[in-house]
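K.L.:
The following block contains a protein sequence and its predicted model.
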Amino acid sequence: MAGTGLPRVLGQSAESGPGTQATRRAWPEGSSDSLSSGGSDSDESVYKVLLLGAPGVGKSALARIFGGVEDGPEAEAAGHTYDRSIMVDGEEASLMVYDIWEQDGGRWLPGHCMAMGDAYVIVYSVTDKGSFEKASELRVQLRRARQTDDVPIILVGNKSDLVRSREVSVDEGRACAVVFDCKFIETSAALHHNVQALFEGVVRQIRLRKDSKEANARRQAGTRRRESLGKKAKRFLGRIVARNSRKMAFRAKSKSCHDLSVL
Ligand SMILES: Nc1nc2c(ncn2[C@@H]2O[C@H](COP(=O)(O)OP(=O)(O)OP(=O)(O)O)[C@@H](O)[C@H]2O)c(=O)[nH]1
């Protein structure tokens, strides 16, 4: 991502609370994502994503990369909330990423943080076993706080570039994700490795649940409409063509925790 310069600030969000500043940006040029000048600003269409994790694991570093904010004075000015639209699977998604966990002297209450997210990214550092244990605790807390909600949770092992000081293996991270029924990815904020995949994965996980809920509701209501043979054939072909689309992903049965494009 380096070398492309800072993306243009496209707008400010009214959602940012006192002490925070939201920036709306787009992935830099040359990225596989399309640039966007921001989608709808209505609350329902903006997915709230909260970063949780022990201090120093790289939450802010990941959030800043998402927000397109470089380290330095601009990072200080950017605050803790980043608002941005990204294209995922040909469809625009607006995300509000909150890096507010245990920030601003505890102004943001943990209970509030646990209640407000449409998705959660629990970060630990692969160089810090303690932060890995903390991630498990947070997962348990989150499960308690959102018992009835099927809210997407992605466990992130950050600092994967620090190979020599690694304390948590990939297998341990993956096993933890399987036990806690969440998704898993390793990232390096320092190298910008997998950061884009992480946030795209967040969008896919939110969409998959939405699709799943809608399908269940339709089934329960018994409103499956009868389709003509032509329509059925068209739909079938459409599915084959859109193999990588979220609709196909939704149908995929895999429970693989490291594949962020399936449930
Ligand atoms: N080598 C390496 N260093 C990283 C990485 N991510 C973050 N860091 C460094 O780790 C330190 C802590 O990063 P932050 O992003 O401030 O961590 P945080 O989780 O937001 O910390 P708190 O604000 O205290 O909760 C900084 O010096 C970062 O430069 C990474 O992927 N690799």
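P.N.:
Perfect, thanks for sending it. All values reported here derive from a predicted model rather than from experimental measurement.

K.L.:
use CA for all of it now, contacts and neighbours both
P.N.:
Will do.

K.L.:
Now Tyr124: which helix or strand?
P.N.:
strand 119-125 (DSSP states H and E).

K.L.:
So which residues of the chain form strands?
P.N.:
22-25, 46-53, 81-88, 91-98, 119-125, 153-158, 183-186 (DSSP state E).

K.L.:
Does the third one reach the ligand?
P.N.:
Right, strand 81-88. No. Judged by CA under 6 Å from any ligand atom, strand 81-88 stays clear of the ligand, getting no closer than 12.2 Å.

K.L.:
May I have the strands that pair with that strand, each with its orientation?
P.N.:
Looking at strand 81-88 with DSSP bridges, its partner strands are strand 22-25 (parallel), strand 91-98 (antiparallel).

K.L.:
hey, least reliable of the ones you listed by pLDDT?
P.N.:
Sorting the strands paired with strand 81-88 by mean pLDDT places strand 22-25 lowest, at a mean of 47.

K.L.:
Show me the residue sitting in the middle of this structure in space.
P.N.:
Val202 (2.9 Å; CA atoms, centre = their mean).

K.L.:
Pretty sure it sits against Val156.
P.N.:
No. Val202 lies out of contact with Val156 (CA atoms under 8 Å); the separation is 11.4 Å.

K.L.:
hang on, the earlier thing: please name the bridge partners of the residue nearest to the residue nearest to the centre of the chain when sequence neighbours are not counted.
P.N.:
Spatial nearest neighbour of Val202, excluding adjacent residues (CA to CA, 6 or more residues apart in numbering): Ala119 at 6.9 Å. In this entry, Ala119 is beta-bridged to Val49, by DSSP bridges.

K.L.:
For the ligand, see how far away Ala119 is.
P.N.:
Note on Ala119: its distance to the ligand, by CA to the nearest ligand atom, to the nearest Å, is 17 Å.

K.L.:
Give me every residue in the stretch 101-250 of the chain lying close to the ligand.
P.N.:
Residues of the stretch 101-250 of the chain lying close to the ligand (CA under 6 Å from any ligand atom) are Asn158, Lys159, Asp161, Leu162, Ser188, Ala189, Ala190.

K.L.:
Can you give me every residue that contacts the residue nearest to Val202?
P.N.:
Tyr47, Lys48, Val49, Leu50, Val151, Pro152, Ile153, Val202, Ile206 (CA atoms under 8 Å, 6 or more residues apart in numbering).

K.L.:
do that again at 6 Å, thanks
P.N.:
Val49, Val151, Pro152, Ile153 (CA atoms under 6 Å, 6 or more residues apart in numbering).

K.L.:
How much space separates it from Val179?
P.N.:
18 Å (CA to CA, to the nearest Å).

K.L.:
And Cys113, by the same measure?
P.N.:
23 Å.

K.L.:
picking up where we left off before, between the residues of the stretch 101-250 of the chain next to the ligand, identify the one with the most neighbours.
P.N.:
Neighbour counts for those (other CA atoms under 10 Å) peak at Asn158, which has 27 neighbours.

K.L.:
quick one: the helices in the stretch 101-250 of the chain?
P.N.:
110-116, 129-145, 170-179, 195-221, 229-241, 246-251 (DSSP state H, counting those that start in this stretch).

K.L.:
Tabulate the ones you listed in JSON lines, adding columns for mean pLDDT and distance to Leu260.
P.N.:
Output for the helices of the stretch 101-250 of the chain, formatted as JSON lines (pLDDT from 0 to 100; distance: least, CA to CA, whole Å):
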{"stretch": "helix 110-116", "mean pLDDT": "85", "distance to Leu260": "21"}
{"stretch": "helix 129-145", "mean pLDDT": "95", "distance to Leu260": "18"}
{"stretch": "helix 170-179", "mean pLDDT": "94", "distance to Leu260": "12"}
{"stretch": "helix 195-221", "mean pLDDT": "91", "distance to Leu260": "5"}
{"stretch": "helix 229-241", "mean pLDDT": "74", "distance to Leu260": "20"}
{"stretch": "helix 246-251", "mean pLDDT": "54", "distance to Leu260": "10"}
